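[1] Turn this into a model:
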Amino acid sequence: MSFGARRTTHLSRLLMAQRKKLGLRPGQVAALLGATNISRVGSLIGCFEVGEPITDQWLEKLINALKRDPEELRRCLELDQEEAEQQLEADRRAWEAWADEPMDAYVWVRYMPAVYGVRDVPKAFCNSREQAEGWASRELRRFRAKGYLQWTRREQTWFDQYGINPRRLPVTFENSRPIGGMQVGQSQRRFLLGSDGQVITGGYGLLQAGQSGSTA
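    All right, here's what the predicted structure looks like:
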């Protein structure tokens, strides 16, 4: 189940409108920002305008260069925050309904770095979780691999290499999403600000400093 489809924000639309009002192309804005790689940063700006993430470093420079009214910016951020929280709650409800659906147990196998596979647990070993865990452990030992048993969408059992040291772990909405769970774009974690002003998971297209993203 996937969440967080790409979408524009009030902030990105506001800044795009201001760029167009000034008669500037994304590459020209990148030059104003002092970018050494104008093409790359221009592309970053264009992607931000259609819903992709941007680092706070470039966002701050973009806001300063386009000179929007601070109150207008604040209002856009408040609207984006409100919509992001609503979307997060909608995602949570959808995940809870999805997680309650029945599924066939399987074992996720890490054969070697970057090589993975999934093996269905035979029905004969699905009478209990303990029975399925025993089968999973033997399979992982046979492949000299590590992995986990997905017993239900809410229950996993993780094993070290050779299928040893089983550990039962719950799957929740928070830990099921790719943070692997709350991500924006392909690999960058999303965030939004809580009512206390602190960064919380969820988000609308901004990256925290120090996280991956284009920094040309």
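[2] rest of the way, CA atoms for contacts and neighbours
    Will do.
[3] how far out from the middle of the chain is the strand or helix carrying residue 134?
    Per DSSP states H and E, residue 134 falls inside helix 129-143. When C-alpha coordinates are averaged (CA atoms, centre = their mean, to the nearest Å), helix 129-143 and its chain have centres 31 Å apart.
[4] burial count for the closest residue to residue 129 other than its chain neighbours?
    Once flanking residues are discounted, residue 129 sits nearest to residue 151: 6.8 Å by CA to CA, 6 or more residues apart in numbering. Residue 151: 23 surrounding residues under other CA atoms under 10 Å.
[5] so residue 151, which of the three states?
    The local conformation at residue 151, judged by DSSP: H, G, I helix; E, B strand; the rest coil, is strand.
[6] That one and residue 124, how far apart?
    When distance is defined by CA to CA, to the nearest Å, residue 151 is 14 Å away from residue 124.
[7] Could you verify my assumption that residue 79 touches residue 10?
    Yes: contact criterion CA atoms under 8 Å: residue 79 and residue 10 qualify, at 7.0 Å.
[8] and the helix holding residue 134, which residues are buried?
    Within helix 129-143, the residues that qualify as buried are 129, 132, 133, 135, 136, 137, 139, 140, 141, counting by 16 or more other CA atoms under 10 Å.
[9] Same question for stretch 61-81.
    Residues of stretch 61-81 classed as buried: 61, 62, 63, 66, 73, 76, 77, 80, 81 (neighbour count, 16+ other CA under 10 Å).
[10] one step back: which strands and helices sit next to the helix holding residue 134?
    strand 106-112, strand 146-152 (3 or more CA pairs under 8 Å, 6 or more residues apart in numbering; DSSP states H and E).
[11] got the angle for the helix or strand following the first one vs helix 129-143?
    Following the chain from strand 106-112 toward its C-terminal end, the next helix or strand by DSSP H and E is strand 115-120. For strand 115-120 against helix 129-143, the angle between stretch directions is 140 degrees (axes from the mean of the first three to the mean of the last three CA atoms, to 10 degrees).
[12] buried stuff in strand 115-120?
    For strand 115-120, it's none, nothing buried (16+ other CA under 10 Å).
[13] now the angle between strand 146-152 and it, please.
    Going by the same axes, to 10 degrees, strand 115-120 makes 40 degrees with strand 146-152.
[14] isn't there a strand covering residue 169?
    Yes: according to three-state DSSP, residue 169 belongs to a strand.
[15] thought residue 105 was touching residue 148?
    No: Residue 105 lies out of contact with residue 148 (CA under 8 Å); the separation is 10.7 Å.
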